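Student: Just a sequence and a predicted model for now, questions to come.
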Amino acid sequence: MTFKVTLIYTGIGICGFTSNNSDDRERYHIGHGIASVGASAKAAGYDVNMIDLRSLSGWDEFISLIKADPADVYGISISQADCKSGAELISKIKNTIPKSKIIVGGVHPSVFPFQYSDKDVTVVVGEGEIVFVNLLKMIESNVQLPKAISGLKPNLDEIPWADRNLFNYEKELKCLFSQEQTGATVTMLAGRGCTYKCTYCQPAENKVFGFPYRLRSPENVISELRYLYDKYSFKNIIFWDDTFTINRNWIMKFCDLYEAQNFGATISACSRADIICNNESMVERLASIGVNWFVVGLETGSQRLLDFIKKGTTVEQNKEAVRISRKYGIKTHATIMYGLPTETKEESLATYNMVNEANPEYTMVFWFLPIPGTEIYQYCVDNDLILDGVTDRTIARTAIHIPTLKNIDYDYIYYSLMIPRMHF
């Protein structure tokens with residue numbers, strides 16, 4: 001049996017269709033998860049293409065596309081931000097191509113598989129590379145698909161690299177991390193999962209990747225970078241891992257291998273204040289190979305709130321991490337959250353003062369939004385803290401300042417703390 005597989009990257013929960021204004025990085029960065037699943041399906045011999053909803057003008061164009069080129073199987077990636085558009089997408093596929101099979105995966109289906117029980121779909125809970133191919137084989141053999149199936153953890157060195165060309169990859173190459181950069185940029189993932197317990201992410205994130213935290217080998221990452229460099233001559237690399245610097249031994253070996261390749265590219269990566277403070281020699285080594293930006297979640301200048309969200313860092317480490325990074329020429333892209341549950345005006349001011357004292361090169365401010373499936377969301381529900389209508393809102397990673405919780409003085413935060421720092 002030969003059949004066509006169309007993958008769909010939803011993505012519009014944040015940036016919308018092309019008719020809406022959006023940040024280019026939100027519109028053009030690829031989804032590594034679905035690109036990895038697509039690569040595995042192609043390696044197994046299946047005919048795979050992809051539709052990126054972010055590139056379309058709206059639902060009418062999507063319906064026209066699938067009418068003109070219908071698939072037998074649709075594989076859909078749905079994030080927390082895309083849960084509403086994902087549900088609409090499923091409905092439109094079923095109404096347009098009723099005989100098609102639909103397989104959904106990603107963060108939202110993994111955390112809330114029961115929300116898809118009334119839909120004629122199969123839910124993959126967790127990682128999809130192995131299971132998606134197994135489901136395609138079941139379809140080939142006319143075997144009834146389950147309503148839900150647990151993903152299997154692949155050996156990260158043994159699966160194909162993400163198929164970037166499922167997306168309009170020329171667009172991502174133009175997505176610079178910072179304005180002073182030039183040339184092509186590629187994005188990478190070195191591992192999966194997170195060992196930390198921050199309540200604004202967990203346990204939702206571990207519903208997808210579970211334990212333990214896993215890394216590709218440094219050799220595997222370098223091999224992919226070599227391939228990408230030979231193809232695109234990139235000048236910048238962005239590692240989107242939640243905490244790229246989590247394993248010192250891995251980092252030091254990676255640095256040696258990377259340096260030998262003479263890529264000459266800048267590197268931007270996520271780290272943590274405590275890791276930076278406890279591993280200054282590692283920071284120095286990373287700077288020596290071209291790392292020039294760390295993304296660090298400073299979150300808040302209140303130690304009580306840092307402990308409350310189980311961040312595992314201190315206010316002093318937040319300030320010291322910026323200092324250490326700057327010492328070696330690494331800029332800090334700091335993220336902070338105003339309006340955490342139970343936050344007082346004094347604690348909001350403490351965050352403002354911390355940022356002023358640390359003076360990171362760039363600060364992105366978020367107004368806290370509780371994400372369903374996380375520990376802190378349940379706390380907000382149990383204590384009746386969420387404003388009416390907030391649960392109907394999509395999740396935005398961008399700094400859109402919309403009040404979320406009761407008992408937070410948002411006017412004070414905005415007019416007294418944010419406006420004075422114009423680079424917010």
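Tutor: Everything's here; your move.

Student: Can you give me every residue that contacts the nearest residue to residue 167 once chain neighbours are set aside?
Tutor: Distances taken as C-beta to C-beta, 6 or more residues apart in numbering place residue 30 nearest to residue 167, at 4.4 Å, with adjacent residues excluded. Placement of C-beta: from N, CA and C, glycine included. Each residue near residue 30 by C-beta atoms under 8 Å, 6 or more residues apart in numbering is listed here: 162, 164, 166, 167, 169, 172, 187.

Student: Among these, which lie within helices?
Tutor: Those of the contacts of residue 30 mapping onto helices are 169, 172, per DSSP state H.

Student: ok, the contacts of residue 30 vs residue 11, which is closest?
Tutor: residue 167 (10.1 Å; C-beta to C-beta).

Student: coming back round to it: the residue nearest to residue 167: what secondary structure?
Tutor: Secondary structure, DSSP: H, G, I helix; E, B strand; the rest coil: residue 30 is coil.

Student: Test my guess that residue 238 contacts residue 187.
Tutor: Yes: the criterion here is C-beta atoms under 8 Å, and residue 238 meets it with residue 187 at 4.7 Å.

Student: tell me which strands and helices the helix or strand where residue 256 lies is in contact with?
Tutor: Taking DSSP states H and E as the definition, residue 256 sits inside helix 248-261. Counting contacts by 3 or more C-beta pairs under 8 Å, 6 or more residues apart in numbering; DSSP states H and E, helix 248-261 packs against helix 218-232, helix 280-288.

Student: Look at stretch 164-182 and report the distance between its end residues.
Tutor: Start-to-end span of stretch 164-182 (C-alpha to C-alpha, to the nearest Å) is 21 Å.

Student: which residue is nearest the middle of this protein?
Tutor: The residue lying closest to the centre of the chain (C-alpha atoms, centre = their mean) is residue 240, at 7.0 Å.

Student: now the helices for the stretch 51-200 of the chain?
Tutor: In the stretch 51-200 of the chain, the helices defined using DSSP state H, counting those that start in this stretch lie at 59-68, 83-96, 107-111, 129-140, 169-172.

Student: contact partners of the last one?
Tutor: Where contact means C-beta under 8 Å, 6+ apart, the residues beyond helix 169-172 that reach it are 24, 27, 28, 29, 30, 164, 185, 186, 187.

Student: Recalculate using a threshold of 6 Å.
Tutor: With contact meaning C-beta atoms under 6 Å, 6 or more residues apart in numbering, helix 169-172 is reached by 28, 29, 30.

Student: Could you check stretch 46-54 and say which residues are buried?
Tutor: Within stretch 46-54, the residues scored as buried using 16 or more other C-beta atoms under 10 Å are 46, 48, 50, 51, 52, 53, 54.

Student: do the same with stretch 207-225
Tutor: Applying a neighbour-count criterion of 16+ other C-beta under 10 Å, one finds 207-210, 213-216, 218, 220-222, 224-225 buried in stretch 207-225.

Student: Nearest to residue 59 among those?
Tutor: Here the nearest of the buried residues of stretch 207-225 to residue 59, counting by C-beta to C-beta, is residue 208; it sits at 27.4 Å.

Student: Below-threshold pLDDT in the protein: ranges please.
Tutor: With pLDDT under 70 as the threshold, the chain has low-confidence stretches at 1, 19-24, 391-400, 420-424.

Student: mind running it again at 80?
Tutor: 1-2, 19-26, 211, 389-400, 420-424 (pLDDT under 80).

Student: Spit out the contact partners of residue 148.
Tutor: Counting by C-beta under 6 Å, 6+ apart, residue 148 touches 113, 123.

Student: Can you name the helix or strand that residue 349 falls in?
Tutor: Residue 349 belongs to helix 345-358, assigned by DSSP H and E.

Student: For that helix, list every residue counted as buried.
Tutor: Result for helix 345-358 [16+ other C-beta under 10 Å]: buried residues 347, 348, 349, 350, 351, 352, 354, 355, 358.

Student: check contacts around the fourth one.
Tutor: By C-beta under 6 Å, 6+ apart, the contact list for residue 350 reads 301, 302.

Student: what does the first one give?
Tutor: The neighbourhood of residue 347, defined by C-beta under 6 Å, 6+ apart, consists of 302, 305.

Student: same deal with the last one?
Tutor: Taking C-beta under 6 Å, 6+ apart as the criterion, residue 358 is in contact with 319, 322.

Student: can you rerun that using 10 Å?
Tutor: 273, 296, 298, 301, 315, 318-323, 326, 332, 334 (C-beta atoms under 10 Å, 6 or more residues apart in numbering).

Student: Out of these, flag the one nearest to residue 414.
Tutor: Closest approach between the contacts of residue 358 and residue 414, by C-beta to C-beta: residue 301, at 17.0 Å.

Student: Tell me how many other residues surround that closest one.
Tutor: 23 (other C-beta atoms under 10 Å).

Student: if we can go back for a sec, which one of the helices of the stretch 51-200 of the chain is the most hemmed in?
Tutor: Sort the helices of the stretch 51-200 of the chain by mean neighbour count, taking mean count of other C-beta atoms under 10 Å, and helix 107-111 sits at the top with a mean of 26.

Student: what's the distance between it and the middle of its chain?
Tutor: On the basis of C-alpha atoms, centre = their mean, to the nearest Å, helix 107-111 sits 13 Å off its chain's mean C-alpha point.

Student: quick one on the thing from earlier: just the buried residues of the helix holding residue 256, please?
Tutor: For helix 248-261, burial by neighbour count (16+ other C-beta under 10 Å) applies to 250, 251, 254, 255, 257, 258.

Student: May I ask which two of these are separated the most?
Tutor: Between any two of the buried residues of helix 248-261 (C-beta to C-beta), the greatest distance is 11.9 Å, for 250 and 258.
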